[in-house]
Every structure is written in C-alpha cells, then in structure tokens.
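S.K.: Show me the folded form of this:
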Amino acid sequence: MMKKHNLYLLVFSLIGTGCAMNLEIDGPYGTPYQENRALNMISGGYEEEQIDKGVYKIRYLGNAFTSPEKTLSFWRKRASELCQAKGYEENFEHSKITKSATYVGTIYFDSTFEWPQVVGIAKCNSTNS
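M.R.: Okay, the predicted model is just below:
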C-alpha cells in the first residue's frame, strides 16, 4: 500500500510541476516556421496550393502557444518564399480554430485551445514564378 501511495504522490507532484510551467505565447512551445505535415499536425505550420501561375493560396496554422501576429509573420514569410522575393499582393483573413482535448485515465482533463490561423491569397508581382 505504501508503494501505491508513493506512486500517487509522484504523479501528482509531476502534474503540479507541469501546471506551474511558464507556457508563454511565442515561447519555446509555439509553432516554429515549418511545413504542416501529418507528423506535426499538433504543432501546425504552412500549407499552400498553387491556384494559378504566380498565385498561391496559403494557410498558416499556429498552435495554442502561437500569437496571431507570429502566425501572420510566418504566412508572409511563406508568401515571400513562393514569390521568390519579387513582392506580392496579399489578401488574407485571420481566424481561430478551436480544438478540444479530453484525457481519461486516473485523472480527467477537459481542455479547449484556440489555434490562430491565417488563410489567404498571395499574388506574385511577376508571373515568372
């Protein structure tokens, strides 16, 4: 019985430590600049689709620890890369995706997170793209 009690103390101590972590926006847990692939769907990233010559639909998804400003900054970085630094016209919109996570076990958590995203069109100034 004493071992089981010690195990519970250890688990609750670790949970308490995790809750006390400083999870600041745009800190180390924010979305880095990256492509959004199946393996990093939790952290987000960019996706694009070329819809015409020199015209791209770009989506950048941040995670719960990424600010809308950082998400827009990464969207613009991707647009600049796609347009090969020739400049572009932009038309985008900010929004948030709400994700819920429920963990069931000996401890129950029900959490809802808002993930910022920017979706828009980048039209390159030169159609030589």
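
S.K.: quick check: mean pLDDT across the helix or strand containing residue 94?
M.R.: Using DSSP states H and E, residue 94 sits in strand 88-103. Mean pLDDT, computed over strand 88-103, is 78.

S.K.: Name the next helix or strand following it along the chain.
M.R.: By DSSP H and E, the next helix or strand past strand 88-103 is strand 109-124.

S.K.: May I have that following strand as CSV, with CA atoms only?
M.R.: Taking only C-alpha atoms (Å, rounded to 0.1, in the frame of the first residue of the first chain), the coordinates of strand 109-124 have been written out as CSV:
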residue,chain,number,x,y,z
PHE,A,109,-8.8,16.7,-18.2
ASP,A,110,-11.1,18.6,-20.5
SER,A,111,-9.3,21.4,-22.3
THR,A,112,-10.2,23.7,-25.1
PHE,A,113,-7.5,25.5,-27.1
GLU,A,114,-7.7,28.2,-29.7
TRP,A,115,-5.2,27.9,-32.6
PRO,A,116,-4.7,31.1,-34.7
GLN,A,117,-4.6,30.7,-38.4
VAL,A,118,-4.2,32.9,-41.5
VAL,A,119,-5.6,31.9,-44.8
GLY,A,120,-5.2,34.0,-47.9
ILE,A,121,-4.1,34.5,-51.4
ALA,A,122,-0.6,35.8,-52.4
LYS,A,123,-0.4,37.0,-56.0
CYS,A,124,3.2,37.4,-57.0
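
S.K.: strands paired with it, and their directions?
M.R.: strand 55-61 (antiparallel), strand 88-103 (antiparallel) (DSSP bridges).

S.K.: which one of those strands is the most hemmed in?
M.R.: Most buried of those, by mean neighbour count (mean count of other C-beta atoms under 10 Å): strand 55-61, with a mean of 20. Every residue, glycine included, has its C-beta placed from N, CA and C.

S.K.: how about the strands paired with strand 109-124 in JSON lines, adding distance to residue 115?
M.R.: Shown next, in JSON lines, are these (distance: least, C-beta to C-beta, whole Å):
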{"stretch": "strand 55-61", "distance to residue 115": "6"}
{"stretch": "strand 88-103", "distance to residue 115": "5"}
